[in-house]
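Trainee: only geometry, no sequence info:
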């Protein structure tokens, strides 16, 4: 007798699917396999995303990496060892300043509308029109200017008319004017770097408050992500509150915010993604971002926390909902499903701010559950430049599509520059340790005509195609193949 009360149940689609690519717009370039999941344990879904799977509502799919037009590599960040960069700090400081002052600083619209490609073409055009070493020209004077030659020009052609033309083509602000003088005044102390001036001002401010400043190797200690995020003024004009609710449409907690979230989702999709309003129904919203196959499970006894499953992390600005992060809490990670926000606040760079908050959330859970340490960001698409931003969270790792091990992204990028599909693992002999062998196939359990049976019996009695299950085992791996009950229509 097989106990299936806590088993995962999925409807397997054996046929490969081809759709329009959302990245390069190829009408049939997106190639993947999929299954509709009725229910799934968090352990089984953890195994699946560690083989390149991802869910959209209750539908789980895995891109066929060597066939799809834009290969999608699973990317994760080691949140425990996460390192803030200057860009992250700038985003956090801008948000905290907004909470303090209540003033939203709008970006320069003209600058925002400049695409990177157009900027690159403009710079390339400038280089072609004046292909000369500007640094050498602006520091050269008199007869030495004759030694400066245009690249590709005849070195003997250094007429005064050509030289004067070159100099005239250089903007005046780029020309260096050297003024004669006696040099530095040695009777005065040397000028201090701005870094040390800021440090001294910070030290003086802390001393006025009666606090001490910590030093490491003579410099101020680096603040952690949590310190940056929580450096919010208590007397600020606005208050930020994060609220985590279990993602289940039948709960009273969800019913109180359902309409509010849907209105925010519609506004986001129409203004940011230009979706037509007729395609944004409550039904599609629930199917996409609320309904989840993951079975809720409490954390181990004695561990305080939300538990495992699907959640909505809401961002409240005073009494106004401005953003929602849809996330899955799994045994080893927090997996980001989707993030939407109020476009009126897009100048706060809420997408980046939200990802930093999710990293912080992983760190807080790791302090209670040691195995939970990663932040999964979905897919990294190197062939789509606009999707490379996910690699800015470091340290990050990409999943090798052949050996299914995570590889530091720094080692992957040169390979992906050379080919959009690549075996990322440097070890040519490494194999898939979770591979499903022929013997393992016989242990796969299927449901057919309301009867539960092993694949070996299904093939023998009903003449099922064994190759179909061989491909299934290859895609989901041995553990998931044995744990999930596959319903065959």
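Mentor: Arrived safely, thanks for sending. From a predicted model like this one, the values you see are computed outputs, not experimental measurements.

Trainee: lowest-confidence helix or strand of this structure?
Mentor: The helix or strand of the chain with the lowest confidence, counting by mean pLDDT, DSSP states H and E, is helix 116-129 at a mean of 31.

Trainee: gap between residue 230 and residue 364?
Mentor: Residue 230 sits 11 Å away from residue 364, taking C-beta to C-beta, to the nearest Å as the criterion. (Each C-beta comes from the backbone N, C-alpha and C, glycine too.)

Trainee: longest strand anywhere in the protein?
Mentor: In the chain, assigned by DSSP state E, the strand with the most residues is strand 8-19.

Trainee: now tell me what touches the following helix or strand past that strand from outside.
Mentor: Using DSSP states H and E, the helix or strand that directly follows strand 8-19 along the chain is strand 30-39. Around strand 30-39, the neighbours that count as contacts under C-beta atoms under 8 Å, 6 or more residues apart in numbering are 8-13, 16-22, 55, 58-64, 67-70, 293, 295, 475, 486-487.

Trainee: gap between residue 400 and residue 433?
Mentor: Counting by C-beta to C-beta, the gap between residue 400 and residue 433 amounts to 12 Å.

Trainee: compare the two and say which is more crowded by neighbours.
Mentor: Using other C-beta atoms under 10 Å as the criterion, residue 400 and residue 433 rank with residue 400 on top: 23 against 10.

Trainee: my guess is that one meets residue 424, correct?
Mentor: Yes: applying C-beta atoms under 8 Å as the test, residue 400 and residue 424 come out as touching, 4.1 Å apart.

Trainee: shared neighbours of those two, anything?
Mentor: residue 407.

Trainee: what stretches of the protein score poorly on pLDDT?
Mentor: Scanning the chain for pLDDT under 70 picks out 1-3, 107-196, 198-199, 202-203, 205-221, 249.

Trainee: for it, which residue occupies the most central location?
Mentor: Per C-alpha atoms, centre = their mean, the C-alpha nearest to the average position across the chain is that of residue 390, at 3.3 Å.

Trainee: pretty sure that residue contacts residue 378?
Mentor: Yes: checked against C-beta under 8 Å, the pair residue 390 and residue 378 is within contact range at 7.5 Å.

Trainee: which residues are in contact with each of those two?
Mentor: The overlap between the contact sets of residue 390 and residue 378 (C-beta under 8 Å, 6+ apart) consists of residue 75.

Trainee: about what we covered before: for the residue nearest to the centre of the chain, helix, strand, or coil?
Mentor: Assigned state for residue 390: helix (three-state reduction, DSSP: H, G, I helix; E, B strand; the rest coil).

Trainee: for residue 292, see how far away it is.
Mentor: 22 Å.

Trainee: distance from stretch 291-303 to the middle of the chain?
Mentor: For stretch 291-303, the distance between its averaged C-alpha position and the chain's averaged C-alpha position is 24 Å (C-alpha atoms, centre = their mean, to the nearest Å).

Trainee: ok, stretch 247-263 next?
Mentor: In this view, stretch 247-263 has its centroid 26 Å away from the chain centroid, taken as C-alpha atoms, centre = their mean.

Trainee: how about stretch 331-347?
Mentor: On C-alpha atoms, centre = their mean, the centre of stretch 331-347 falls 10 Å from that of its chain.

Trainee: ok so residue 453 is a strand residue?
Mentor: Yes: residue assignment for residue 453, taken from three-state DSSP, places it within a strand.

Trainee: quick one, what contacts it?
Mentor: When the contact criterion is C-beta under 8 Å, 6+ apart, the partners of residue 453 are 445-446, 461.

Trainee: show me how to select, in PyMOL, the buried members of these.
Mentor: Below is the selection syntax for PyMOL that covers the buried ones among the contacts of residue 453, with 16 or more other C-beta atoms under 10 Å defining burial:
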select buried, resi 445+446
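
Trainee: what's the closest of the contacts of residue 453 to residue 285?
Mentor: Distances from the contacts of residue 453 to residue 285 were compared by C-beta to C-beta; the smallest belongs to residue 446, at 32.9 Å.

Trainee: which SSE is the closest one in?
Mentor: Here residue 446 is covered by strand 445-448, with elements defined by DSSP H and E.

Trainee: parallel or antiparallel, which strands does that strand pair with?
Mentor: In the sheet containing strand 445-448, its partner strands are strand 451-454 (antiparallel), strand 484-487 (parallel), by DSSP bridges.

Trainee: of the ones you listed, which is nearest residue 272?
Mentor: Nearest of these to residue 272, taken as C-beta to C-beta: strand 484-487 at 35.4 Å.

Trainee: chain center to the closest one, what's the gap?
Mentor: Mean C-alpha position of strand 484-487 versus that of the full chain (C-alpha atoms, centre = their mean) differs by 31 Å.

Trainee: cool, and stretch 358-370?
Mentor: When distances are taken as C-alpha atoms, centre = their mean, stretch 358-370 is centred 17 Å away from the chain's centroid.

Trainee: can you give me the buried ones in that stretch?
Mentor: Judged by neighbour count (16+ other C-beta under 10 Å), stretch 358-370 contains these buried residues: 358-363, 365-366, 369.
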